[in-house]
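# Here's a sequence, model it:
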Amino acid sequence: MNPWVLFLSAWLAAAVLMLAIWLLQRATGNAGFVDVAWTLGVGTLAVFFAVVETEGDIARRWIVAVLAGAWALRLAGHILWRVLTTPEDGRYVALKKQWGPSAQWRLLLFYQYQALGCVLFAVPMWIAARNQAPLGWLDGLAVAIWLMAIGGEALADWQLSRFRLRTKERGKVCRDGLWRYSRHPNYFFEWLHWWCYVALAIAAPWGWVTLLGPLAMYYFITRVTGIPPTEAQAVQSRGAAYREYQRTTSPFFPWPPKPSTPE
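The predicted structure is shown next:
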């Protein structure tokens, strides 16, 4: 299939999906559904690309489809459970308050940016699916990275969920398990996951383009939509306890914590 036709079709499908999600958030008052839609959008496009791009090695196309599809289903399911069982994400509450009367139309534009993001973040999967090289050690490395990343992210999500169920007192900070070594281990393992598509595609023509996946994800997580608004909300809700957590614990890459300040 002509790449331009492929990407245009993908963008139109994602745009329609995000329009439907915008209507859903208007009806429910919860903007967090966009995170579920973005994840499923990227995963669905990855599977679609792996099916229609017949130029690549068929075994690798199956690997791309399975890895991307399983990643999307796990993460989207986790986010959906959180959206349905907890109050609206503080990031979106703050945005709507900041945007005031124009919030709905600015959210519509924001959701359409997410549709474009679905296509752009599915490009590494597309390049990997077009890789014609026989399976080799890089493909094994990709699967190993995926297993480590998805397992680590699932463990971090479970540890945080268990902490929240156990600890009802306001102001407490989770330091259980992986959260002792990183303030955002879930984000770290999500970022690590994107390197598996680099390993699957790097030997292909234009394979270096897949490096933009983890680089862009790192930028958005650490500078834009991930850590900055999440930590601003955490400081507001947990105060001094979270500021101490910031002082002692690595923000992203897991690392042994600094000693806590004696009370």
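
# What pLDDT does the model give the residue nearest in space to the middle of the chain?
Geometric centre of the chain, nearest residue: Glu190, 5.8 Å, by CA atoms, centre = their mean. Note for Glu190: predicted pLDDT of 98.

# What of Tyr113?
In this model, Tyr113 carries a pLDDT of 97.

# which SSE is it in?
According to DSSP states H and E, Tyr113 maps onto helix 103-129.

# List the buried residues in that helix.
Residues of helix 103-129 classed as buried: 103, 107, 110-112, 114-115, 117-119, 121-129 (neighbour count, 16 or more other CB atoms under 10 Å). Every residue, glycine included, has its C-beta placed from N, CA and C.

# Quick check: which helices or strands does that helix pack against?
Applying 3 or more CB pairs under 8 Å, 6 or more residues apart in numbering; DSSP states H and E, one finds that helix 103-129 contacts helix 3-28, helix 33-52, helix 58-85, helix 90-99, helix 195-201, helix 212-219.

# for stretch 177-193, how far is the first residue from the last?
Length of stretch 177-193, first residue to last, CA to CA, to the nearest Å: 20 Å.

# Would you mark the buried spots in it?
Residues 178-193 are the ones in stretch 177-193 that count as buried (16+ other CB under 10 Å).

# contact partners of that stretch?
Residues outside stretch 177-193 that contact it (CB atoms under 8 Å, 6 or more residues apart in numbering) are 71, 75, 145-146, 148-150, 152-153, 155-157, 159-160, 163, 214, 217-218, 221, 226-227, 230-231, 245-246, 249-257.

# Narrow these to just the buried residues.
71, 75, 145-146, 149-150, 152-153, 156-157, 159-160, 163, 214, 217-218, 221, 226-227, 230-231, 245, 249-250, 252, 254, 257.

# ok, now which ones touch Val209?
By CB under 8 Å, 6+ apart, Val209 lies in contact with Val123, Pro124, Ile127.

# can you list those residues in JSON lines and add distance to Trp81?
Formatted as JSON lines, the contacts of Val209 follow (distance: CB to CB, whole Å):
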{"residue": "Val123", "distance to Trp81": "29"}
{"residue": "Pro124", "distance to Trp81": "27"}
{"residue": "Ile127", "distance to Trp81": "32"}
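
# just checking, Arg130 touches Ala50?
No: counting by CB atoms under 8 Å, Arg130 stays clear of Ala50, with 9.6 Å between them.

# Count residues in the vicinity of the nearest residue to Arg61 once chain neighbours are set aside, would you?
The shortest distance from Arg61 to any non-neighbouring residue, by CB to CB, 6 or more residues apart in numbering, is to Ala50 (4.5 Å). Using other CB atoms under 10 Å, Ala50 has 25 other residues around it.
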